[in-house]
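**Q** sequence plus predicted model, see below.
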Amino acid sequence: MIIVYFLYFILIVSIITVGLSALLYIYQCDILYAGFFPPGSRSTVARPGQYGLPEKEEILITKDGIRLRSYVLIQYGDNVAIQSPTVLWLHAHTGNMGHRLPIAQVLYKRLGYNVVMLSYRGYGLSEGNATEKGLQIDAQTALDYIKRHPILKHTKLIAYGQSLGGAVATHLVARNEDKFDAMIIENTFLSVPLLIPHVFPPMRHLVYLCHQKWRSYKTIQFIRRVPILFLSSLKDELVPPFHMAKLHKAAETSGGKVWRDFENGTHNDTCMQEGYFEAIGEFVRDYVWVS
């Protein structure tokens, strides 16, 4: 009888393991790229005009034929716009670009930057389904658009990524360093396999099944010249703060590294912490305007 119970136990454990393995392998894109959250994010996207920003939308076509929605917020007057830095905004793993318009409003109005932001494939009103390769293509498409734009191509360019967007930014800058003047990353992880044990502890032994890698701890080492601002919330409940600390340590850029942490910040409220926008403004002033 003991042997029978033991065999049943082994069977149950095996079924659970196989089930978790299947969930992680098949549905990891749905888990990682949560464009459906919060509810309505795939059907409703706020407009720039709601925040007093230029009502300019572009549809970008990727090399694999996906139509992406993008907002292009350019300072009024060509001379002003050309002298203003341009921020390529790469958002986090939930929501869409409309949810980031309050932050874009500060960057545009208070700091005087041009802002280009997009909803990745599978987010907002953009087509397609999100994958690591797909988001890399989307970011490259936005960069190519900027470099073809009659005004923006003459401006200083900053890649700015929050959370997942930081991984996207790191990959993009590493592949196109000659096109960028600075990079800002916020609450970004070392890699997805290294993040899983924290976010999904029961799956910590199944990380070998993870096919969405985002190995930023390796990629960031290929950035040799571009200055980097690291924004880290010390009470981040999703990405352990030591991920950002290790990314900062791994970066070997000669352009300069600036670290700014926020003692009471959590994963999603970093932008609400005291000194957040001041840190960005000081970094751009010291490392972008002067170059």
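**A** Okay, I see it.
**Q** what distance do you get for the closest residue in space to residue 61 that isn't next to it in sequence to residue 171?
**A** Nearest residue to residue 61, sequence neighbours excluded (Cβ to Cβ, 6 or more residues apart in numbering): residue 67, at 6.0 Å. (C-beta placed from N, C-alpha, C; glycine too.) The spacing between residue 67 and residue 171, counted by Cβ to Cβ, to the nearest Å, is 22 Å.
**Q** compare those two (neighbour count), which wins?
**A** Between residue 67 and residue 171, residue 171 has the larger neighbour count (other Cβ atoms under 10 Å), namely 24 against 13.
**Q** is that one in contact with residue 136, as I believe?
**A** Yes: the pair residue 171 and residue 136 passes the contact test of Cβ atoms under 8 Å, sitting 5.6 Å apart.
**Q** quick one, helices of the stretch 151-291 of the chain?
**A** Along the stretch 151-291 of the chain, counting by DSSP state H, counting those that start in this stretch, helices occupy 164-175, 192-199, 216-219, 241-250, 276-284.
**Q** buried residues in the third one?
**A** When burial is assessed from 16 or more other Cβ atoms under 10 Å, helix 216-219 yields the following buried residues: 216, 217, 219.
**Q** next, count neighbours for residue 63.
**A** 9.
**Q** does it belong to a helix, a strand or coil?
**A** Under DSSP: H, G, I helix; E, B strand; the rest coil, the three-state class of residue 63 is coil.
**Q** can we start the residue count at 32 from this point?
**A** Sure, I'll start numbering at 32, so the last one becomes residue 94.
**Q** for it, give me its contacts.
**A** With contact taken as Cβ atoms under 8 Å, 6 or more residues apart in numbering, residue 94 is in contact with 168, 172.
**Q** ditto for the one 5 residues further on
**A** Residues counted as contacts of residue 99 (Cβ under 8 Å, 6+ apart) are 90-93, 149-152, 157-158, 169, 172-173.
**Q** just to revisit the earlier point, correct me, but the residue nearest to residue 92 touches residue 91?
**A** Yes: counting by Cβ under 8 Å, residue 91 is a contact partner of residue 98 at 7.5 Å.
**Q** for the nearest residue to residue 200 once chain neighbours are set aside, give me its contacts.
**A** Distance criterion Cβ to Cβ, 6+ apart; nearest residue to residue 200, sequence neighbours excluded, is residue 192 at 3.2 Å. When contacts are counted by Cβ under 8 Å, 6+ apart, residue 192 touches 121, 122, 198, 199, 200, 201, 214, 215, 216, 217, 219.
**Q** what's the burial count for the last one?
**A** Read that as residue 219. Residue 219: 28 neighbours (other Cβ under 10 Å).
**Q** which residues does the closest residue to residue 314 other than its chain neighbours bridge with?
**A** The shortest distance from residue 314 to any non-neighbouring residue, by Cβ to Cβ, 6+ apart, is to residue 260 (4.3 Å). Bridge pairing for residue 260 (DSSP bridges) gives the partners residue 215, residue 289.
**Q** is residue 260 in contact with residue 313, as I believe?
**A** No: the criterion here is Cβ under 8 Å, and residue 260 misses it with residue 313 at 9.1 Å.
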